[in-house]
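1. dropping a prediction and its sequence here:
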Amino acid sequence: MAYTTIDDPTIYFNTKLYSGTSGVQTISGIGFEPSWIWTKSRTNAGNHQVTDQVRGLTKYIRPNASNAQDTKTNAITAVNSDGFVLGADSSDDINANGQTYASWNWKANGQGSSNTDGSINTTYTSASTASGFSISTYTGTGANATVGHGLGAAPKVVLIKQTNGTAWWFMYHNDLGTTGKLNLNTTTYNNDLQASYWNSTAPSSSVFSLGTEASVNGSSQNFVAYCFAEKKGYSKFSGYVGNGEPAGDAPFIYTGFKPAFVMIKSSSYDGQHWAMTDNRRLGYNGDSAWLKADDSGAELTNLVNPDLLSNGFSLQNNNDIYNKNGQSYIYMAFAESPFVTSTGIPTTAG
């Protein structure tokens with residue numbers, strides 16, 4: 001199968017930092033119209049917030065919580081070709097005066113349209129086949145089913161949240177197999193293998209599969225699914241085994257690109273957080289600022305994060321979050337630049 005390298009990953013994913021004002025402001029410099037926006041306060045405790053163009057920009061769900069979808073009319077009010085507009089929301093979650101924030105932004109294809117490839121027709125599917133990312137909304141049936149994702153390639157990660165009720169986030173990850181799952185909003189590990197989530201079936205190039213589990217396919221319940229297929233020079237969704245060794249002897253993880261964002265979670269060891277590192281905050285290459293996807297707490301500086309290198313990332317210590325001896329970890333990584341472009345130009349080291 002032929003793969004085309006994405007020479008400029010920043011037209012599909014970008015991290016943007018900003019300061020809250022409690023007033024209307026435009027957040028520019030993202031470089032594209034974002035379809036999925038994930039924000040988090042760095043300086044204060046505050047919930048992670050996720051909104052997208054498919055559900056509508058005023059609709060929020062929280063990666064660190066199981067709450068149902070909420071509506072905020074004065075938070076993110078619009079998107080444009082270079083970013084998004086914040087309303088006069090003064091909460092710690094998104095725009096409090098004097099607080100600093102991180103936003104992680106992905107491009108799909110606006111609101112999209114219904115996808116009819118699966119046994120469940122989606123309400124909307126917004127897909128970027130170039131970057132391997134789609135957003136779909138659907139209504140569950142309670143019976144084994146398939147849902148079209150619109151990517152034209154099999155996703156390696158599917159992240160699902162019920163929107164009209166309280167339910168955990170559930171993640172299918174290729175490294176966990178067709179009976180495994182992780183919960184984005186908790187520190188639990190992959191210890192409960194069941195066919196009822198993904199019907200023991202890996203995603204195909206057109207659909208992902210659902211079992212009878214109510215948290216991903218409850219009858220008459222509403223869900224959003226974020227699907228990710230790997231793209232050369234842009235994204236990698238895989239795993240590794242820790243060796244418990246300190247910097248210098250800790251594992252190096254090859255991705256084939258210089259990472260802009262890495263999220264890591266232990267899949268075989270309970271109680272470990274989802275650790276988020278990116279290339280905009282002082283949280284990499286010798287620094288230690290990190291955020292927990294499953295927690296509302298402020299940014300922490302209590303451990304050394306991975307070094308983001310020209311062709312992957314290097315673990316820099318033997319803490320349990322990243323590198324416990326003999327334990328398995330999964331990760332999601334998105335690129336700043338490919339290791340080698342389609343024209344043969346190499347990326348310089350970080």
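-> Good, I have the coordinates.

2. what's the next secondary structure element after the worst-scoring helix or strand of the chain on mean pLDDT?
-> Least confident helix or strand of the chain, by mean pLDDT, DSSP states H and E, is strand 307-309 with a mean of 93. Following strand 307-309 in sequence order, the next helix or strand is strand 312-314 (DSSP states H and E).

3. which other residues reach that next one?
-> 250-257, 259, 262, 306-307, 333 (Cβ atoms under 8 Å, 6 or more residues apart in numbering). (C-beta placed from N, C-alpha, C; glycine too.)

4. which of the residues you listed are buried, as a PyMOL select command?
-> Only the buried entries of these go into this PyMOL selection, using 16 or more other Cβ atoms under 10 Å:
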select buried, resi 250+251+253+255+256+257+259+262+306+307+333
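
5. if we can go back for a sec, what lines up beside the least confident helix or strand of the chain in the sheet?
-> In the sheet, strand 307-309 lines up against strand 312-314 (antiparallel) (DSSP bridges).

6. what about the strands in the stretch 151-300 of the chain?
-> With DSSP state E, counting those that start in this stretch as the criterion, the stretch 151-300 of the chain has strands at 157-162, 170-173, 207-210, 222-228, 235-241, 252-254, 257-266, 275-278, 291-292.

7. those into JSON lines, with extra columns for distance to W38 and mean pLDDT?
-> Putting the strands of the stretch 151-300 of the chain into JSON lines (distance: least, Cβ to Cβ, whole Å; pLDDT from 0 to 100) gives the following:
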{"stretch": "strand 157-162", "distance to W38": "11", "mean pLDDT": "98"}
{"stretch": "strand 170-173", "distance to W38": "14", "mean pLDDT": "98"}
{"stretch": "strand 207-210", "distance to W38": "21", "mean pLDDT": "98"}
{"stretch": "strand 222-228", "distance to W38": "10", "mean pLDDT": "98"}
{"stretch": "strand 235-241", "distance to W38": "15", "mean pLDDT": "98"}
{"stretch": "strand 252-254", "distance to W38": "22", "mean pLDDT": "97"}
{"stretch": "strand 257-266", "distance to W38": "10", "mean pLDDT": "97"}
{"stretch": "strand 275-278", "distance to W38": "9", "mean pLDDT": "95"}
{"stretch": "strand 291-292", "distance to W38": "11", "mean pLDDT": "96"}
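
8. make JSON lines from these and add distance to S41 to it.
-> Putting the strands of the stretch 151-300 of the chain into JSON lines (distance: least, Cβ to Cβ, whole Å) gives the following:
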{"stretch": "strand 157-162", "distance to S41": "20"}
{"stretch": "strand 170-173", "distance to S41": "23"}
{"stretch": "strand 207-210", "distance to S41": "32"}
{"stretch": "strand 222-228", "distance to S41": "22"}
{"stretch": "strand 235-241", "distance to S41": "26"}
{"stretch": "strand 252-254", "distance to S41": "28"}
{"stretch": "strand 257-266", "distance to S41": "18"}
{"stretch": "strand 275-278", "distance to S41": "13"}
{"stretch": "strand 291-292", "distance to S41": "9"}
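
9. which of those strands sits closest to A127?
-> strand 222-228 (8.2 Å; Cβ to Cβ).

10. how far out from the middle of the chain is that closest one?
-> Strand 222-228 sits 11 Å away from the centroid of its parent chain (Cα atoms, centre = their mean, to the nearest Å).

11. check stretch 60-79 too.
-> 16 Å.
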